[in-house]
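Visitor: Sequence plus the predicted model coming up.
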Amino acid sequence: MLDLDSLHSAEELEIRAVVRRVVDERVRPYVRQWYEDGTVPVRELAVEFGKLGLLGMHLTGYGCAGASAVAYGLACLELEAADSGVRSLVSVQGSLAMYALWRFGSEEQKQRWLPGMAAGELIGCFGLTEPDHGSDPGAMRTRAVRDGADWVLTGGKMWITNAPVADVAVIWASTAEGIRGFAVPTDSPGFTAREIRHKLSLRASSTGEIVLDEVRLPGDAVLPEARGLRAPLSCLTEARYGIVWGALGAARDCLHTAIEYATTREQFGRPIAGFQLTQAKLADMAVELQKGYLLALHLGRTADRGALRPEMVSVGKLNNVREALNIARQCRTILGANGISGEYPVMRHANNLESVLTYEGTSEIHQLVIGERLTGLSAFR
Amino acid sequence: MNIVVLVKQVPDSGAERNLRSDDNTVDRESATNVINEMDEYAIEEALRIQEAHGGEVTVLTMGPERAGESIRKALSMGPDKAVHVVDDALHGSDALATSKVLAAALGTVNPDLILCGAESTDGRVQVMPHMLAERMGIAALTGARKLTVDTNGAGGATLTIERQTEEGYEVVTASTPAVVSVWDTINEPRYPSFKGIMAAKKKPVTTLSLADLGIPAAEVGLAGAYSAVVEHAKRPPRQGGTKVVDEGDGGVKLVEFLASEKFV
């Protein structure tokens, strides 16, 4: 409606077109069943995405595509228009696991892991959250202690996307020298990852609980450049940036579905899209969606200038996920009873967005980040 | 192996297509233009041969300025470079003139193998591979659903195709240089990778005019065409169908209808 495509380069639109095509052909026809079954073929998808250059696409070298932040955002949007779980797979692989290794890893670690991860042949996960430490990761209980030249890791991580299928886990642990990160091969003795079942959200995503039972790692498993909590938090900023765009995809899919439904569904002898109350809903949703897009694009252009700050991403995540969830719920009302059916994607998106609302920093934490920026007073540190 | 893929920009066959009211040629200005679908299979085949046997893949396109969009999209799949024949005088060229221009352009690249789609979705005449082969004095292997390349070590190769026919397939062979046209049963074209998309705009595209090719403008274009579309009209909208009411004899009426339309 606002001709937002005119804000993009031909190259950005081409990258979007390819992702849209792959999603249409490889994800959309199957995602409803994956969601229903609570399983997703992570490895097959990763290889498919790897061929495109989708994994770690905004990173450079080591087989990564080296695309712009805006192009990465557009890819996230198209992926999440199919399902937030599928976008999560890509976010965790590229923005969390690969970014952590790319930004903080040694040359050997990068050479060992990144090319295979970019190709989708190796899966990565990112272990920061613990059962008892979500918004406050600094208080984590997972410990890494020196034993001669080795490190020994003990503890547990919770809600770790891709963990059950991962080849390498980037694990954050408390040490005598503060929080450090480790590249942990998942076949290390003492490492186990259990699939978390019975989720009512992000069902087309593999989520795990990691147990670290005296996992012994060589000295060179530690990420040399990561010291302190700032390191994992900078990874989260990367992933959140993708969510700022991705959430818009889920919202767009809901809105398109609702418009299509409202123009064909007749009540009182005419399409419900002709009723003023329906049009008001549709108009408000379209306005919010496009405002969110402009916000995402501004963050993307700022990132490509190298000037993106964490609190900017907090503004984007707070607004876009909150509004996407509102849109999904509103669309549900337009679809009436059909809104809860798996025949339509709306309830699936709404349920997924409930997770997106709280992962990678809850809305409340982002409010506090913005509040601190406005007042100079930290509410939680 | 030096491979050239012929790539044509055509109006999207999935969208509304029109002829121009002034000269009855295909309206390319207002259309959503895409790479001719069958040509993507030719590109894929060329890339697979390159991966197996090395060499270079060149895209050759004849078309207006905006066909450059399709050239860039073709390059994003992986070919190394492109040649774009663009000249205002080419507007309205028929197949004979097109083959003359393409043959001259191919002469500047000197390929071992020329790959193209079996037909374009706008022209649909399927004559281009034959015409090119005739003009260049080389073999034409047309309508391939499978292509095998056996290199002979001296830079050439024996090409073997399975030609799709109504009844089955024929096996046809030829030595390079040759033209091979392919159907969409031959492979599954790859998606352009992000690296490919970003690299495409840096790949060399040589632009050639009619003067560069030494072809007089009078021999091509609308004026040089051996046939012309005199007039055209939109297909009339569909009429409402016939409703058959079943009064115990519905089956008989249906069969009568099908028989009258020669379906049975």
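Guide: Yep, that arrived. This structure is a prediction, so every number in the text was calculated from the model and none was measured.
Visitor: Look at residue A:148 and say how many residues are nearby.
Guide: Residue A:148: 7 surrounding residues under other C-beta atoms under 10 Å in any protein chain shown. (C-beta placed from N, C-alpha, C; glycine too.)
Visitor: check contacts around it.
Guide: If a contact means C-beta atoms under 8 Å, 6 or more residues apart in numbering or on different chains, then residue A:148 has no contacts.
Visitor: Tell me the predicted confidence for the residue of the stretch 151-264 of chain B found nearest chain A.
Guide: Closest to chain A within the stretch 151-264 of chain B is residue B:194: 3.7 Å, counting by C-beta to the nearest C-beta. On the pLDDT scale, residue B:194 is placed at 95.
Visitor: what sits against it?
Guide: A:15, A:18, A:52, A:53, A:54, A:57, A:65, A:67, A:71.
Visitor: Can you show me the helices along the stretch 51-200 of chain B?
Guide: Using DSSP state H, counting those that start in this stretch, the helices of the stretch 51-200 of chain B run over residues B:67-76, B:95-109, B:128-136, B:194-200.
Visitor: Make JSON lines out of those helices and add distance to residue A:261.
Guide: Below are the helices of the stretch 51-200 of chain B laid out as JSON lines (distance: least, C-beta to C-beta, whole Å):
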{"stretch": "helix B:67-76", "distance to residue A:261": "34"}
{"stretch": "helix B:95-109", "distance to residue A:261": "48"}
{"stretch": "helix B:128-136", "distance to residue A:261": "46"}
{"stretch": "helix B:194-200", "distance to residue A:261": "34"}
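Visitor: Compute the number of surrounding residues for residue 219.
Guide: Picking chain A for this. 11.
Visitor: let's do chain B instead
Guide: Neighbours of residue B:219 (other C-beta under 10 Å): 15.
Visitor: I'd guessed it sits against residue B:97; true?
Guide: Yes: at 6.5 Å, residue B:219 counts as touching residue B:97 under the criterion of C-beta atoms under 8 Å.
Visitor: Now do the buried residues in stretch A:282-289.
Guide: By neighbour count on 16 or more other C-beta atoms under 10 Å in any protein chain shown, the buried set for stretch A:282-289 is A:282, A:285, A:286, A:288, A:289.
Visitor: Export these as JSON lines, with columns for distance to residue A:187, secondary structure and pLDDT.
Guide: Below are the buried residues of stretch A:282-289 laid out as JSON lines (distance: C-beta to C-beta, whole Å; DSSP: H, G, I helix; E, B strand; the rest coil; pLDDT from 0 to 100):
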{"residue": "A:282", "distance to residue A:187": "52", "secondary structure": "helix", "pLDDT": "98"}
{"residue": "A:285", "distance to residue A:187": "47", "secondary structure": "helix", "pLDDT": "98"}
{"residue": "A:286", "distance to residue A:187": "49", "secondary structure": "helix", "pLDDT": "98"}
{"residue": "A:288", "distance to residue A:187": "46", "secondary structure": "helix", "pLDDT": "98"}
{"residue": "A:289", "distance to residue A:187": "44", "secondary structure": "helix", "pLDDT": "98"}
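Visitor: pLDDT of stretch B:233-246, averaged?
Guide: Taken as a whole, stretch B:233-246 carries a mean pLDDT of 83.
Visitor: and that stretch, how far from the chain's centre?
Guide: 34 Å (C-alpha atoms, centre = their mean, to the nearest Å).
Visitor: Could you export that stretch as PDB, keeping only the C-alpha atoms?
Guide: Extracted in PDB, the C-alpha atoms of stretch B:233-246 (Å, rounded to 0.1, in the frame of the first residue of the first chain):
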ATOM      1  CA  ALA B 233      -8.500  -9.600 -31.300                       C
ATOM      2  CA  LYS B 234      -8.900 -10.700 -27.700                       C
ATOM      3  CA  ARG B 235     -10.400 -14.200 -27.300                       C
ATOM      4  CA  PRO B 236     -14.100 -13.700 -26.500                       C
ATOM      5  CA  PRO B 237     -15.000 -14.300 -22.900                       C
ATOM      6  CA  ARG B 238     -16.300 -17.800 -22.100                       C
ATOM      7  CA  GLN B 239     -20.000 -18.400 -22.600                       C
ATOM      8  CA  GLY B 240     -22.000 -19.900 -19.900                       C
ATOM      9  CA  GLY B 241     -22.000 -23.700 -20.000                       C
ATOM     10  CA  THR B 242     -24.900 -26.000 -20.800                       C
ATOM     11  CA  LYS B 243     -26.900 -27.200 -17.800                       C
ATOM     12  CA  VAL B 244     -28.100 -30.800 -18.000                       C
ATOM     13  CA  VAL B 245     -31.000 -31.500 -15.700                       C
ATOM     14  CA  ASP B 246     -31.200 -35.200 -14.700                       C
END
